[in-house]
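Novice: When you get a sec, could you give me coordinates for this:
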Amino acid sequence: MSINLLPSFSWLILTDQSYLIGQKIVLPSKEEYNLAVLCLCYLSNDCFDISRSSEAVENHILEGCYAFLDYAIVHWLDHLECCVVELDKPSTGSTELLGAEIREFLRKHFSAEGPGDTISKVTQERFHVFEKYEFFSCLGRAVEYWKNCMQSKAQKSSKACVLDLNAVLSRIRSTIDDLASRQLSTSLQQKVRTFSGNKIFKCAKYDCEYFHGGFETIQERDRHHSRHERTYYCTFPGCPKAIFGFEDSKALQQHVASNHHARHMDDSKFPVYQEPKSINIELAIKTGDIAAVERWAQQFDGCIPDETAGIFLRKDKQKTRIGWQSLFYYALRRDDSEIAEFFLRNVLSPGELGFAIIHAIMTDGNKSLLPWAIEIPMDEVDPHRAYQAISLTITRGDDLTALQLLKILVSKSPKYLIPSKKVPYTTLAGRFKCLSSLQYLIVDCKVDADSVDHRQRTALMAAAELGHTNIIKLLADGGHCNINFKNRNGETALSKAAANGHDHVIRILFPEHPVPDHVMPWLKISQLRNAARSGNTEEIFRLLEEGGISANVADVDYYTPLLHAVENGHYSVVCALLNHPRDCIDVNYKCNCHHPRVGSVGTERKSRGATALILATIHGHVPIVRRLLLCKGIKTEEKVWMRQLGSWYTALNLAEYNKDVEITALLRNHATSMSVKPPPASITAKTSESNQSPAEDLHNVNTSFLLLTLRAN
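Specialist: Residues are numbered from 1 along each chain as shown. Model prediction:
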């Protein structure tokens, strides 16, 4: 229907609409559900894959595959939000079906890279029906991200892209522009305009009327785009110039003077005559309109309530925080500190906010404001927020800022240098290479360098684990710690360095020549790990023959030498390790897989990590899969969490997903062979011989596999 209707005809349509809904001939919730499913299903189509070739995109354009794109990309979330609130009604639709479409949509377009976004309470409550689904967290992040994208005046976020829809749309539209600009045949031109309209060149801003309407020429569209790039906005509610703005302050002054009855305007400030309560304060902060902010604050008699500003204080004053997406939060994201300083001067508790402000800036604010924030006078220290700010600064490797913050903490309350039930600052500094901060803590403040964290690591152990040479030299050469310190798990800095292959760390800790007897086994363990990772079979044989070491020592990511060899596809090394008679290799040991598709498992490694068989399957190493399947006790039903796919996968599931025919056949045949009578003892003895050469092993592997396959068939 055209929107330019006669008044009587418009009234007739509204009456008919009310009648259809009132008589329940049309159910709005059901139609919202159907449209949500339609949009999600449509956007999950393969033609929206960001990796599609340019030729494929052009073909899809000419076939009309993108005719529904403008509507779907703008309104998929609108329909989804409208229907989820009534999903508990049977008449609306199936939660399982909608969940399946959401899962596929997120699999196609969601990216988990970068830091996680905070999901608002409103979003959590609105989508609570999916709380038990594995994609709930991803859905919440996607919703928050897309809402921000739909606001054209929102500042550009420094966060990682959560959904790739913007990139997909941009690529499709640039291809349409290119097609329309070419000298195409009349029939091809007609195809392009049939599905994209006569006004092909469209605005990129979602809330602009020309996003759908478009222009007939590129020049018209580009002139229109320049209006969106203006930085001087009118802050009067309902004014059209609040969308497009002005190119300079002089034009904005003239507009306000002529349209909003303002008289004279200063070059740096625009006087505001609105009622304070009617001012769009978020927009004023984002656009840097300090005059509007000051006018808005007048309603509070110069003292902005903490909750209004977004400052939250506990009664014990031990957990002060600045709310995410609050007014103060927006002020801390600006390039200048003028508005943030104004808030700080006009809130109820400015002296308690120092570390809370620093933490907010480090988390999601403008880092250029840090020098200003560090100079904020503090009446007292919130130890919880101080620890969060300092630990976050250390973990990001900002040694200079961390040192400044530690000095502020010492000047206010030295007792907080030893945080209760948290990772010690010394261990953090050692782990993240903050040399100056660590030196200040152990030399100037006399903090115990042998303090341990929740994983029983000292600063020296943390540095040895990651091979930080300068940190180790400071701690070991200066005599500031006990290099032989053993935690309650029996670990030392030496064992940590050896497990992670840091030969140079071992030689710094124990520089004696020859190498002491108690150090030599650990040095060999380090060499074994590095040889397995690089595929040095001769070195593997040498170290295993010399003996006296374990081949099951795991590094910081829980990778054993076998897992390193499997991941890097070193078949001969895998055979050498599995055939060694003196060491029983755990073929089902699990690691934190490095593959980008696999989710980080952390402390849940034993239940969620990847085995050698899963690693070999992910990387498509067919010979290694074949060899592993011959190992006694191999578990083929172990599962790993695939982050990008949003589900648990066994090795067979992964092989089928990757369409790896050989590995799929191997795993299926192995499963079949396990359900039939075992092979004769002579064959079993032949495949379990441990002192064979790699060539003999490969021959026996192929022979045994052939026999098992024939028996299964």
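Novice: ok now stretch 82-96, how far from the chain's centre?
Specialist: The chain centroid and the centroid of stretch 82-96 are separated by 30 Å, computed with Cα atoms, centre = their mean, to the nearest Å.
Novice: in that stretch, what's buried?
Specialist: C82, C83, V84, V85, E86, L87, T92, G93 (16 or more other Cβ atoms under 10 Å). No exception for glycine: its C-beta is placed from N, CA and C like everyone else's.
Novice: Number of residues surrounding the nearest residue to Y649 once chain neighbours are set aside?
Specialist: Counting by Cβ to Cβ, 6 or more residues apart in numbering, M642 is the residue found nearest to Y649 once chain neighbours are left out, at 5.0 Å. Residues near M642, counting by other Cβ atoms under 10 Å, number 20.
Novice: how near is M642 to C138?
Specialist: Remark: distance between M642 and C138 (Cβ to Cβ, to the nearest Å) = 13 Å.
Novice: ok, now M362?
Specialist: For M362 relative to C138 (Cβ to Cβ), the value is 25 Å.
Novice: same thing with L400?
Specialist: Where C138 is concerned, L400 sits at a distance of 36 Å (Cβ to Cβ).
Novice: of the two, who's got more company?
Specialist: Remark: of L400 and C138, C138 carries more neighbours, 22 against 11, as counted by other Cβ under 10 Å.
Novice: Would you map the strands across this protein?
Specialist: Using DSSP state E, the strands found in the chain span residues 311-312, 321-322, 640-642, 647-649.
Novice: Rebuild those strands as TSV, extending it with distance to P516 and mean pLDDT.
Specialist: Listed next are the strands of the chain as TSV, based on distance: least, Cβ to Cβ, whole Å; pLDDT from 0 to 100:
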stretch	distance to P516	mean pLDDT
strand 311-312	56	74
strand 321-322	51	72
strand 640-642	41	85
strand 647-649	46	88
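Novice: Those into a markdown table, with extra columns for distance to Q124?
Specialist: A markdown table is the format used below for the strands of the chain (distance: least, Cβ to Cβ, whole Å):
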| stretch | distance to Q124 |
| --- | --- |
| strand 311-312 | 18 |
| strand 321-322 | 18 |
| strand 640-642 | 22 |
| strand 647-649 | 22 |
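Novice: out of these, nearest to C445?
Specialist: With Cβ to Cβ, the closest approach to C445 among the strands of the chain belongs to strand 321-322: 26.8 Å.
Novice: Break this structure down into its structural domains.
Specialist: Taking automatic domain parsing as the criterion, the chain consists of the domains 28-197, 241-284, 300-487, 520-712.
Novice: Which of these has the lowest mean pLDDT?
Specialist: Mean pLDDT is lowest for domain 241-284 out of the domains of the chain, coming in at a mean of 63.
Novice: quick one on the thing from earlier: nearest to H224 among the domains of the chain would be which one?
Specialist: Closest among the domains of the chain, once you apply Cβ to Cβ, is domain 241-284, at 9.2 Å.
Novice: Which parts of the stretch 51-200 of the chain are helices?
Specialist: 54-63, 69-84, 95-109, 121-126, 136-149, 165-181, 186-196 (DSSP state H, counting those that start in this stretch).
Novice: what's the first one packed up against?
Specialist: Same thing as helix 54-63. When contacts are defined as 3 or more Cβ pairs under 8 Å, 6 or more residues apart in numbering; DSSP states H and E, helix 54-63 packs onto helix 165-181, helix 186-196.
Novice: Contacts for that helix next, please.
Specialist: The contact list for helix 54-63 (Cβ atoms under 8 Å, 6 or more residues apart in numbering) reads 47, 52, 66, 171-172, 175-176, 179, 188, 191-192, 195-196.
Novice: can you give me the helices in the stretch 551-700 of the chain?
Specialist: Under DSSP H, counting those that start in this stretch, the stretch 551-700 of the chain gives helices at 561-567, 571-579, 605-608, 612-619, 622-628, 651-657, 661-674, 681-687, 694-712.
Novice: And the first one, what's buried?
Specialist: When you say that, I think you mean helix 561-567. P561, L562, L563, H564, A565, V566, E567.
Novice: a markdown table for those, including distance to A251?
Specialist: Output for those, formatted as a markdown table (distance: Cβ to Cβ, whole Å):
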| residue | distance to A251 |
| --- | --- |
| P561 | 69 |
| L562 | 70 |
| L563 | 64 |
| H564 | 64 |
| A565 | 68 |
| V566 | 66 |
| E567 | 61 |
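Novice: among these, which two are most distant?
Specialist: P561 and E567 (11.0 Å).
Novice: Check whether S436 really touches D399, as I assumed.
Specialist: Yes. S436 lies in contact with D399 (Cβ atoms under 8 Å); the separation is 5.1 Å.
Novice: Those two - which one has more neighbours?
Specialist: D399 (19 against 13).
Novice: can you pull the contacts of that one?
Specialist: Taking Cβ under 8 Å, 6+ apart, we find D399 in contact with K433, C434, L435, S436, S437.
Novice: try it again with 10 Å
Specialist: Contacts for D399 (Cβ atoms under 10 Å, 6 or more residues apart in numbering) come out as T393, A429, F432, K433, C434, L435, S436, S437, L438, Q439.
Novice: Of these, which is the nearest to A576?
Specialist: Using Cβ to Cβ, K433 comes nearest to A576 of the contacts of D399, at 35.5 Å.
Novice: For A499, see how far away the closest one is.
Specialist: Counting by Cβ to Cβ - K433 and A499 are separated by 19 Å.
Novice: for H255, same thing?
Specialist: 68 Å.
Novice: N482: neighbouring residues, count only.
Specialist: N482, neighbours per other Cβ under 10 Å, totals 15.
Novice: Tell me if I'm right that it and L509 touch.
Specialist: No. Counting by Cβ atoms under 10 Å, N482 does not reach L509; the two are 11.5 Å apart.
Novice: residues bridging contact with these two, i.e. touching both?
Specialist: L460, L475, A476, T492, A493.
Novice: which of these are the two that sit furthest away from each other?
Specialist: Counting by Cβ to Cβ, the most remote pair of the shared contacts of N482 and L509 is L475 and T492, 13.2 Å apart.
Novice: which of the shared contacts of N482 and L509 tops the neighbour count?
Specialist: L460 (31 neighbours).
Novice: surely that one meets L475?
Specialist: Yes. Counting by Cβ under 10 Å, L460 does reach L475; the two are 4.8 Å apart.
Novice: joint contacts of these two?
Specialist: T426, G430, A449, D450, H468, C481, N482, I483, A493, L509.
Novice: List only buried entries from those.
Specialist: So, by 16+ other Cβ under 10 Å, the buried ones in the shared contacts of L460 and L475 are T426, G430, A449, D450, H468, C481, I483, A493, L509.
Novice: Looking at those, spot the one nearest I618.
Specialist: The closest of these, once distances to I618 are taken by Cβ to Cβ, is H468, at 30.2 Å.
Novice: dump the residue contacts of the closest one.
Specialist: Here H468 is in contact with 430-435, 438, 459-460, 462, 474-475, 502, 505 (criterion: Cβ under 10 Å, 6+ apart).
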